[in-house]
Structures are given as C-alpha cells and as structure tokens.
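*Asks:* coords below, sequence missing:
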C-alpha cells in the first residue's frame, strides 16, 4: 500500500521528502546509537563510602572455608604431586578429586563381579593427606567395566555393582583396617546434570536419585570404618528441585553440594540464602553443611584466570560468604592441565610444563587470612567496592576489594573509622598486587578518615595498630 | 477350652489396654511438643531514643515446649524513622546459616542455627542482635515487627513452623526532625561515576525555626536524580561541625558548621559532572558521644530538574543517557526514514 502511494507521488516530491527525512533524522539516529552504546557499555552502580564502627563487634569470622581446592582430571594421574610445595603453601584444608574411577583404574572385573585396585588412586590421596588436607572424593564416573555399554556416564548394568564400588571405596579410605582416614567426604558424582557427565535428571531413566540411592546403600554396607560424610548432588549450579529431591529421598545425606561459575559475587550470597530457606521445612537436614565444590567466574577456560580479574573475583566472593557461608568453598582448580601455555586454564598454579607459575589468584587466600577476628559493623559498600572489617587483638583491619566484571572501574574510596579509641595508630595500607605504605595517624576517639585508591581488580587491607 | 479362650482374652485386654493408653499418650505428647508454641519478641520491647542514637535490640525466643534448632528472622520497620545498621547472631544460636542482611531499607533478616551437634534450644534465648539508628522524631513510637516469613524450626515435627506468636518492639524517638534521611541502597542502577568538580564547597547555613540534634541528609533523598548544580541540605546538632564526603570516581571531603538551628546547606559553585555519587556526613553525637553518620546515594544527570533541594524526578534513577524507550523510538523512526529514503526511490525506479 505504501509503495503504491509512493508510485502515485511526483518523483521530485518523494526525493525531497527523503532528503529532508535524512537530514532531520540522521542526527537523531546518531544520537540514539550513541546513547544506546552508552547504555549498554556503561557499567551501572554506586561508588562505595565505607564506614566502619570500631565500637560494634559482630560474630567471629572463619578463615578456613576458602582454603578448599578442587583438582580436575586433565591428566589421569596424581596431578598435585608435581606442585606439592606450591600447594602446601596454600594451606589447603580439603582437596577434591573427581574422575577417580575413570582415571585411576580402580575397578576391573565385570558385571556382578567387580574387583578393585586402589594403588594408583592411593598415590593421589596420599599426596593430599601429606599436604595436611582431608580428601573429598567425587564418586565419578561409572567404572567402564560395570557400566552399560562400557560408557562411563551411563548407569551400571547392575545397580548392586555401583553400591559395591562405593562401599569398597569408603572401606578402603575410611576403613580402620585400611587407610584409616577420618572425616573423608564422599560426593556422589560430578555435575550430573551436565551433558558430558551423563545428563542425569531427577526421575526418568537416568535418575540421579537412583545413583545416589545405591551409593547410600554402599555407604551403609561399609563396615569397620571411621566417620565419613556422604552427599551431593554436585550440580552445575544450585537447583531447588535437586536439593529438595535429595532432602526428600530419605537416603543418608550428610552434606549438600553444588558448583557456581558466575561473575556476580552477590549471587553466591543469594544462593546461600536460598539454600538455607529451602531446607527450613526439613529439620533433619536444615543444619547440614553446604559445600560449593567448584567455583569460578566462568566454567569455560579463560585467559582472565591468569589475571587479577580472577583474584579480585575470588576475594569478592569470599567477602560475600564471610558470614553465613558454606562449610567449604572450593576454588577450581589447583593446577592447569597440560597444553595450556596460553594461560587460559582454571588453575591457580600453571602446569609444571610451564614453570608452575603462581597466578594472581594463588595469593588471595593467605592475604585474606590476615583478616581473622571478630567482624566489625561496616556500612556503605558500593556496587564494585565491597569489604569487611575485623578486630583482632586490638588491631583493626579493613579489607576492600574492587571487582568489576567489565574490567574497567577504578575508584577512590573514602573510608571512615568511627568511634576508634583515641590515640596514635600505625596506619598500614597493603595492596595485594601493589605497594605497602605506612603512616602514623591520630584518632580523636571519634572519626578517622582516609581515601583509598582502588584500581580495577585490586585488593587492599588497611590495618590500624595502636602505638 | 472356652475358659482358656476367655482367660486369654482377658489377659490380652489387660496387657493391650495400658499399652494402647501409653502409646496414645506418647503420640499426644509428641504433638504437643511440636505444636506451634514458640514466641519471638524483642528485648527491650519498648525503648526511647533520641534522634541520631544508634542502639541495639535483641531478638529473643521463648521456645515453649518445643526444641528449636534454626530460626529465620525477618524484621520489618519504617525506613523513614529507623535505619538498620547490622544484624548478627545471638548467643543461643552460634551458627549463622544465612548471612544477616540490612541492605534493603525497611527490612533486616538473618538465619541462625544451634549448629549440627549442639543440643536444640528449649526455653529462652537470644536469637539475634539488631543494631539500629533513630533517624527522625516519632513521638507515637515506631514499630519493628516480624514478618510472616519468619520461621522457627522445631525438631519434633517435619515441615512445621512452630512459631505461634511474636511481639513487636516500639521505639519512641525524641527530637524534632522535620525531614527524613534515607538509607543508602544499592538497588537503584545508575551510570558510572565520573569525577566531581574540584571546586571548594561553601557552607551556607540556612536558619529555620526547628531545633534538632539529628544528623540527617534531607536532600537529596536516596536514589534521587539531581541537576548538575545540586544543593545539599540536612540537619545536625546546632552549631555542630559536620564532615562532608562526596564520592564518585574521585573523593571530595570538607567540613562545615551547622547553624544555631542545626541546619546545614551546601551549594556548589560549579556544575557536577553527570554520574553517580555517594554522600556521607558525620558528626559526634552530643548526647551519646559516639559518631553518627548518614549516607545517601544519588545521581547527577545533565538536564535533570532536581536541584537537590527538590523531590527526585523519579524513583527509578536512569543513567545519564536518559530514557531508553525514547531513544529506541527515535532509532526506529530514524531507521524507517533512512531506509525508506534509500530503498523507496529504488523501488520507484523499477
């Protein structure tokens, strides 16, 4: 219709209208595009204006929960052994291994008659125990010798074989007459919802609850063992239907686990709150520990894992979980796989083929340990700059982290210590990837104010020590 | 034979009757234990504070006959009269299972537990400690209440919230405060902060007839959109020295003196750059001796009408680039005309 109208119009008028339209609206188009680009590219949020009330102490914080590390299965051998000293310095409390059945040749034999040889896996576990850490074994994947079609992400031909595999694993490591380890954590499978790990569901032919059920039967049948923990579902994210299905199952569940690969640190806090709320109707489970058995800002390999981006993300996540956090938060992973010279591996340590380089994230854990103490009331966190403050043995500390998922935001942050006891203090400002400065400041007993420059992806601890 | 059967029947009756009575009694006892009989309340339940005071309220529980392991506390209050500063666990619940949050003005929440191995709580105990700041006078008192999603988990009955009742707290706040101070919120998105002008700010006290000790920022309000020449106003103790900190990508700090009526005003001599800002003011409280603070986040937007002393233009602060719908309409119209101008003549030539 429009075209037919145009066809009836004189050509000069049409051309004139077109030119006029272009003249009038092109600037609007450019302006609109410019504004849209601004809208899209501009990060949104508020700057921080930190106020620490030195007179209000809250709960004690935990500095152990983030000393947890997972090691993936890029190599079918003890991957941590070659970086033992570097890992030892991380002071790991717990280390998670997956691929324990498909990489360590534990199970042979056939359906109805599985046989076991733990010697190869023992080497990896002994490395963990020598590090002073507790092992968390992800019971994965299905041993090929008992799996349907010998495919390791399939159910077994006979579920009783799977129960037997779990039973023998627990007996071997937690058994008083075998490895005699105390407090080992056993997690049923790894990311069962993921296609590459079997795409298990709650219900249907590949029902995770059946997988879990027979693991629980195996755990129950394990005899003469020390205390241990059995849990799951180790999904790629926190999913309510998986958590409540496990809670409703009636099987032994000692802990609930999931993975989180998100760039927004606040989502980690939201997840904890949701998890806690979902389990309130289950008195038998509501106090069970939660475990984030893998975390990062993306599940894909990414060069940013070798930069301060990853370090700031980790620090920012720890800040979100510093109160009411999980039992353990596992950084994925300890060491890059081989062939990752581009530096895009998840590891906090580069592979030995590439010099065992300690990446920026490696240094975060011990840095934050300095914050041990009782949390102080802190208000005024911003969209990028977050933090928490503590008091320990008369020393006031404030941790600030500037994490920007877009990687551009720098901020000068005003900090105010109020009600700081009057006196002279040594003011130390220590940047994880920058310099350390020290000055003397005086508190009048009321206000002490400073400005702190936080470049993008930076972490700073401010310490006030009374002279 | 009949006698034997009779005797057996009597014996069965004699044995079964007390067993049945005992069993039913046990069941009744379990039900009564798991019945919603727990009460939440504040300590103190009523209190009087002056404007600017920071104080704590304890969240208490009387479990009644229940055994309690976990409590999820959701508290609601009037954000124009009070500001929640922090919430943490009480001594009876040593484990925080979900972090205390006070970020959303008007609410505070926390979930606490006795822990996995600790004996459940029976009797009275402290659940949480809530720290608050009195913002404005409220002679009739302002209430803090537990919302309906508060949950007290008893261990004797699955999926039953054993909370039977809760008692609100009432805070009477003395001291005149004609205007409100809003708590900072991170919920309102704005643009990337840009440098603030480096010109000095001058205190221009504006006497009024109101006397107050309240430290407050009366303008801008939280999330307000201001013009590039904003005016900042607030209250403080009469003649008090107020520390004034504006933060964006750079920080500006100065001090000013409130007038004898406790009013202060800042007016910048040169325009602000568009962007988002946070303002912090502080002063020592003359009554308690501790330092009071008030903060507010705001956005400066070129072309906005809000001068800082007016109401914000809208509750939803937009980035400096303006209204996205208008932008999209303009783009659509422009594209229509540009492509129309490009293709229609071609069609016509065919």
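*Replies:* Okay, I see it. Keep in mind that this is a model prediction, so the values were computed, not measured. Residues are numbered from 1 along each chain as shown, chains lettered A, B, ... in the order given.

*Asks:* domain parsing for chain B?
*Replies:* Using automatic domain parsing, the domains assigned to chain B come out as B:36-174, B:202-317.

*Asks:* separation between residue B:47 and residue A:110?
*Replies:* 74 Å (CB to CB, to the nearest Å). (Each C-beta comes from the backbone N, C-alpha and C, glycine too.)

*Asks:* who has more neighbours, those two?
*Replies:* residue B:47 (19 against 13; other CB atoms under 10 Å in any protein chain shown).

*Asks:* need the residues of the stretch 151-300 of chain A near chain B, please.
*Replies:* Contact residues (CB under 8 Å from any CB of the partner chain) of the stretch 151-300 of chain A with chain B: A:269, A:272-273, A:276-277, A:280-284, A:286-289.

*Asks:* Now compare those and name the two farthest from each other.
*Replies:* Pairwise distances across these peak at 25.3 Å for A:269 and A:284 (criterion: CB to CB).

*Asks:* Neighbour count: the two, which is higher?
*Replies:* Regarding residue A:269 and residue A:284, a neighbour count based on other CB under 10 Å identifies residue A:269 as having more, with 21 against 13.

*Asks:* that older thread, narrow the residues of the stretch 151-300 of chain A next to chain B to those that are buried.
*Replies:* Neighbour counting with 16 or more other CB atoms under 10 Å in any protein chain shown marks A:269, A:272-273, A:276-277, A:280-283, A:286-289 as buried within these.

*Asks:* So which of those residues sits lowest on pLDDT?
*Replies:* Note: of these, the lowest pLDDT belongs to residue A:286, at 82.

*Asks:* How about the secondary structure of that one?
*Replies:* coil (DSSP: H, G, I helix; E, B strand; the rest coil).

*Asks:* residue contacts, it?
*Replies:* Taking CB atoms under 8 Å, 6 or more residues apart in numbering or on different chains as the contact definition, residue A:286 lies against A:276, A:279-280, B:69-70, B:97, B:113, B:153.

*Asks:* Can you add distance to residue B:230 and secondary structure and give those residues back as TSV?
*Replies:* Formatted as TSV, the contacts of residue A:286 follow (distance: CB to CB, whole Å; DSSP: H, G, I helix; E, B strand; the rest coil):
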residue	distance to residue B:230	secondary structure
A:276	41	helix
A:279	47	coil
A:280	45	coil
B:69	51	strand
B:70	47	strand
B:97	43	strand
B:113	46	strand
B:153	49	strand
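
*Asks:* any idea which of these is the one closest to residue B:105?
*Replies:* The closest of the contacts of residue A:286, once distances to residue B:105 are taken by CB to CB, is residue A:276, at 22.6 Å.

*Asks:* give the contact list for that closest one.
*Replies:* The contact partners of residue A:276, taken as CB under 8 Å, 6+ apart, are A:286, A:324, B:72, B:97-98, B:111.

*Asks:* who does the residue nearest to it when sequence neighbours are not counted bridge with?
*Replies:* Counting by CB to CB, 6 or more residues apart in numbering or on different chains, the nearest residue to residue A:276 once its immediate chain neighbours are dropped is residue B:98, at 3.8 Å. Judged by DSSP bridges, the bridge partners of residue B:98 are residue B:111.

*Asks:* Please look at residue B:98 and residue B:128 and confirm they touch.
*Replies:* No. Residue B:98 sits out of contact with residue B:128 when judged by CB atoms under 8 Å, with a separation of 11.5 Å.
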